[in-house]
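Undergrad: everything below, folded, please.
(one chain, ligands or ions: 1)
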Amino acid sequence: MFCRSAILVAIAVADLAFSATIEIVAQAAYDKPDPLEFAPNEIIAAVGDVLEFHFAGPGTGVLGSNHSVAQGDFENPCNPAPNGFFSGYMAVNATSTEADMVFRVPVTSTDPMVFYCTQGTHCTRGMHGVVNGADDQTLQSYRRSITVNRNAVAPNTTGGGEMVPNNISRILPAETPGAACSAKASLVLILVGLGLALLIAQ
Ligand SMILES: [Cu+2]
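TA: Alright, predicted model coming up:
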């Protein structure tokens with residue numbers, strides 16, 4: 001009655017209780033004077049979490065979009081960190097609210113980390129964010145260090161993260177070929193796994 005793939009799913013679901021996917025949207029917030037931003041822009045993350053960047057498009061408002069996200073350097077605002085991650089530019093078609101792909105960056109350290117959009121003056125105008133800000137490496141200190149409004153510098157190459165289709169199921173893994181397993185039994189195990197995960201998380 002138990003089957004391997006369902007057990008793997010249950011384990012994967014339980015694991016979700018410990019590692020979080022943190023969604024961050026590159027967007028224009030029209031209720032603000034200069035609307036370009038990442039939301040949220042102050043993030044607490046643990047090792048094993050994943051920062052999942054979404055890129056909003058014109059479907060959400062009047063401004064166009066071609067945002068990006070790059071790992072920054074607290075010492076050199078709106079410039080890339082050496083060997084940091086970079087999504088490349090994420091064009092969104094006119095009717096979509098978000099890009100078809102999301103950029104997932106694993107959190108490998110709890111040290112403060114800054115990210116920014118490399119498009120034009122977006123970074124100096126507020127499109128940046130800080131993960132695990134502390135001491136003199138916070139969103140506020142990064143913002144204070146930006147003294148002129150100028151174009152950001154982009155990394156030379158993309159990488160440091162995984163580009164995956166938007167809105168994929170984060171629970172169900174791909175079908176295991178040849179796995180003989182009733183759908184009902186799988187569902188029961190998934191629900192048990194979820195229940196366990198919720199219990200553990202409390
Ligand atoms: Cu941007």
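
Undergrad: Asp34 and the ion, how far apart?
TA: The gap separating Asp34 from the ion is 12 Å, by C-beta to the ion, to the nearest Å. All C-beta spots, glycine's among them, are computed from the backbone N, C-alpha and C.

Undergrad: then Met127?
TA: 5 Å.

Undergrad: and Ile43, by the same measure?
TA: 17 Å.

Undergrad: pLDDT on the strand ranked longest in the chain, on average?
TA: Longest strand in the chain by number of residues (criterion: DSSP state E): strand 21-28. Strand 21-28 shows a mean pLDDT of 93.

Undergrad: same thing with stretch 97-109?
TA: Per-residue scores along stretch 97-109 average to 93.

Undergrad: the most centrally placed residue in the chain sits in which helix or strand?
TA: For the chain, Glu52 is the residue whose C-alpha lies nearest the centre (C-alpha atoms, centre = their mean; 1.7 Å). Here Glu52, judged by DSSP states H and E, is contained in strand 50-55.

Undergrad: mind checking if that strand is in reach of the ion?
TA: No - Strand 50-55 stays clear of the ion (C-beta under 5 Å from the ion), getting no nearer than 8.4 Å.

Undergrad: and stretch 97-114, by the same measure?
TA: No - against the ion, stretch 97-114 shows no contacts by C-beta under 5 Å from the ion, the least distance being 11.9 Å.

Undergrad: distance between that stretch and the chain's centre?
TA: On the basis of C-alpha atoms, centre = their mean, to the nearest Å, stretch 97-114 is displaced by 3 Å from the centre of the chain it belongs to.

Undergrad: the helix or strand hosting Arg104 pairs with which strands, parallel or anti?
TA: Using DSSP H and E, Arg104 sits in strand 101-106. Using DSSP bridges, the strands paired with strand 101-106 are strand 50-55 (antiparallel), strand 162-165 (antiparallel).

Undergrad: low-scoring stretches of this structure, by residue?
TA: Along the chain, segments meeting pLDDT under 70 span 1-17, 59-64, 168-202.

Undergrad: show me where it has helices.
TA: Secondary structure of the chain (DSSP state H): helices at 4-16, 139-144, 183-201.

Undergrad: what helices and strands are in contact with the second one?
TA: Yep, that's helix 139-144 we're talking about. In this structure, helix 139-144 makes packing contacts with strand 128-131, judged by 3 or more C-beta pairs under 8 Å, 6 or more residues apart in numbering; DSSP states H and E.

Undergrad: quick one: strands adjacent to the strand it packs on?
TA: strand 42-43 (parallel), strand 113-116 (antiparallel).

Undergrad: picking up where we left off before, how about the longest strand of the chain: buried residues?
TA: Ile22, Ile24, Val25, Ala26, Gln27, Ala28 (16 or more other C-beta atoms under 10 Å).
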